[in-house]
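**Student:** structure for this input, please:
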Amino acid sequence: MDNIAHLDLALPELWLALVGMALLMLGVFAGDRASRLVSWLAVASFVVAGFLVVETAPAHPTAAFAQLFIADRFGAFMKLLILAGSALAVILSLGYNANEKMARFEYPVLFVFATLGMLMMVSANDLISLYVGLELQSLALYVVAAFQRDSLRSTEAGLKYFVLGALSSGLYLYGASLVYGFAGTTRFGNLAPLFAHGSPEIGIVVGIVFVSAALAFKVAAVPFHMWTPDVYEGAPTPVTAFFAAAPKIAAMALFVRVLIEPFGPLLAQWQQIVVFISIASMALGGYAAINQRNIKRLMAYSSIANVGYALVGLAAGTEVGVRGVMIYMAIYLAMVVGAFACILCMREKGRYVENIDDLAGLSRTQPLLAAALAIFMFSLAGIPPLAGFFGKLYVFLAAIEAHLYTLAVVGVLTSVVGAYYYVRIVKIMYFDEPVARFEQPVPASLSTVLALTSLFTLLFFVYPAPLLASAKVAAAALFPG
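**Tutor:** Numbering: from 1, shown residues only. Alright, predicted model coming up:
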């Protein structure tokens, strides 16, 4: 009866599962000529799922399906970001797939199933149900990374991601087995009370380390970032945009839920792990990007650094810190999708180019595109009053409130280092002589995404209240009482 009574809590997931199977059947009977229709139906399904998330979000955390699944405001907030990232990634893919002869119906279907896995991850209330969602997401992502079958780089990217993803799954399962062996349960609600009093056994701490390592791989945090630059460079550009947006948000939500809910009482044990990962990610992401000449590899290192900044909020282990993480990820979604929309406009003589030097003199040949990319670069650098500045501000304030002064100082310093390579791109666009003219006009789908994301990034400071209020309510769901 528990499963039937709370079936409505999982309506977004059930909807995407049914849509995924329906689109698969449509594609099988209609063939690849229906790929564009399937893509737009996938986007529509994400929009409907978003409405279902809002409608089914309970006022108080509610568990279902034998306590394996939980619905709350935190999950609803992160699910909306994931659905937005997935929808935008499919829209960005339309022109690219047609130009690169990748227009096959399986492509958007894989996005639907990957998104379904992400939603399940965010609502997992048990280490086992968490793993099921994680693998559903990962299996679809392995395929889309290697989707460009005629490209050696894409095949290599898919293989690297698969091998290292299997390694991270093994780390997670080993950590979960240690937790179960020493605690006797894998359910989040049962784990937290066990750690409320007294110091945990060493096996529990080792288990947390292994679980954290696996989750760090999913968010591409140092020292488990090794797959990121090669996969970002080798995968088709819209797939790279998808990797940088939705899966990263889902994994960050997972990281927050796992460490705050079942392991919240063990803050002293896992805080030092998160602080180390955060500092290492900010430092490596800041310095390693300086010498990159390929813009997709630069964005890969940028994403590593941004994960480090988001983890600053998690390291605080407080409601304010979680709120900072949520605000940061919402702003990061707009910035990274907009930046990749600009990269997809870099098409010259029928082929996509990826070198940063190809942007030389863009302000004279395509001033609007140059202005949009400049907005995203300045925002990623944290220049006020753009949205990226406020994202960093909230996580650093959370760190200072938690007395993590060293972490906040390192974050500010690495942000200054990172500003160098972002500003360098702006300098190349505005002060170097033009070397090529990109194809025009920009497709309507890309123009729409660019307009929405650049306006959000530029004008966020005018009316930030809705996002801040939503994040505050959502963060409170993880800290009842």
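**Student:** when you work out contacts or count neighbours from here on, use the C-alpha atoms and nothing else.
**Tutor:** Noted.
**Student:** Gly411 and Ala17, how far apart?
**Tutor:** 40 Å (Cα to Cα, to the nearest Å).
**Student:** quick one, helices of the stretch 251-400 of the chain?
**Tutor:** Taking DSSP state H, counting those that start in this stretch as the test, the helices found in the stretch 251-400 of the chain are 267-288, 295-316, 319-344, 362-365, 367-381, 387-401.
**Student:** please, where are all the strands along this structure?
**Tutor:** In the chain, the segments counted as strands under DSSP state E are 62-64, 69-71, 347-348, 351-352.
**Student:** sheet partners, orientation included, of the last one?
**Tutor:** The reference is to strand 351-352. strand 347-348 (antiparallel) (DSSP bridges).
**Student:** quick one on the thing from earlier: the strands of the chain: which one's closest to Met282?
**Tutor:** strand 351-352 (29.7 Å; Cα to Cα).
**Student:** how far off centre is that closest one?
**Tutor:** 26 Å (Cα atoms, centre = their mean, to the nearest Å).
**Student:** now stretch 280-298
**Tutor:** The answer for stretch 280-298 is 18 Å, by Cα atoms, centre = their mean.
**Student:** buried ones in that stretch, by neighbour count?
**Tutor:** Residues 280-287, 289-290, 294-298 are the ones in stretch 280-298 that count as buried (16 or more other Cα atoms under 10 Å).
**Student:** before we move on, back to that, worst average pLDDT in the helices of the stretch 251-400 of the chain?
**Tutor:** The weakest mean pLDDT among the helices of the stretch 251-400 of the chain belongs to helix 362-365, with a mean of 84.
**Student:** quick one: contacts of that one?
**Tutor:** 369-371, 429-430, 434, 437 (Cα atoms under 8 Å, 6 or more residues apart in numbering).
**Student:** same thing but at 6 Å, please
**Tutor:** For helix 362-365, the surrounding residues in contact (Cα atoms under 6 Å, 6 or more residues apart in numbering) are 370, 429-430.
**Student:** between these, which is nearest Phe389?
**Tutor:** Ala370 (20.3 Å).
**Student:** ignoring the adjacent residues along the chain, who's closest to that closest one?
**Tutor:** Leaving aside its chain neighbours, Ala370 sits nearest to Ser363 (5.1 Å; criterion: Cα to Cα, 6 or more residues apart in numbering).
**Student:** which stretches in the stretch 1-150 of the chain count as helices?
**Tutor:** 2-5, 11-30, 35-56, 73-99, 106-122, 127-145.
**Student:** Leu173 is nearest to which of those?
**Tutor:** That would be, of the helices of the stretch 1-150 of the chain and by Cα to Cα, helix 127-145, which comes in at 8.1 Å.
**Student:** tell me the mean pLDDT over that closest one?
**Tutor:** 89.
**Student:** only alpha carbons, please: show that helix as CSV.
**Tutor:** The C-alpha trace of helix 127-145 is given here as CSV (Å, rounded to 0.1, in the frame of the first residue of the first chain):
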residue,chain,number,x,y,z
LEU,A,127,22.7,3.6,-1.1
ILE,A,128,21.3,0.9,-3.4
SER,A,129,18.6,3.0,-5.1
LEU,A,130,21.2,5.7,-5.5
TYR,A,131,23.4,3.2,-7.4
VAL,A,132,20.6,2.2,-9.7
GLY,A,133,19.9,5.8,-10.7
LEU,A,134,23.7,6.4,-11.1
GLU,A,135,24.1,3.5,-13.5
LEU,A,136,21.0,4.3,-15.5
GLN,A,137,22.5,7.8,-16.1
SER,A,138,26.0,6.5,-16.8
LEU,A,139,25.1,3.8,-19.3
ALA,A,140,23.3,6.4,-21.5
LEU,A,141,26.1,8.9,-21.1
TYR,A,142,28.7,6.3,-22.2
VAL,A,143,26.9,5.9,-25.5
VAL,A,144,26.3,9.6,-26.3
ALA,A,145,30.0,10.4,-25.6
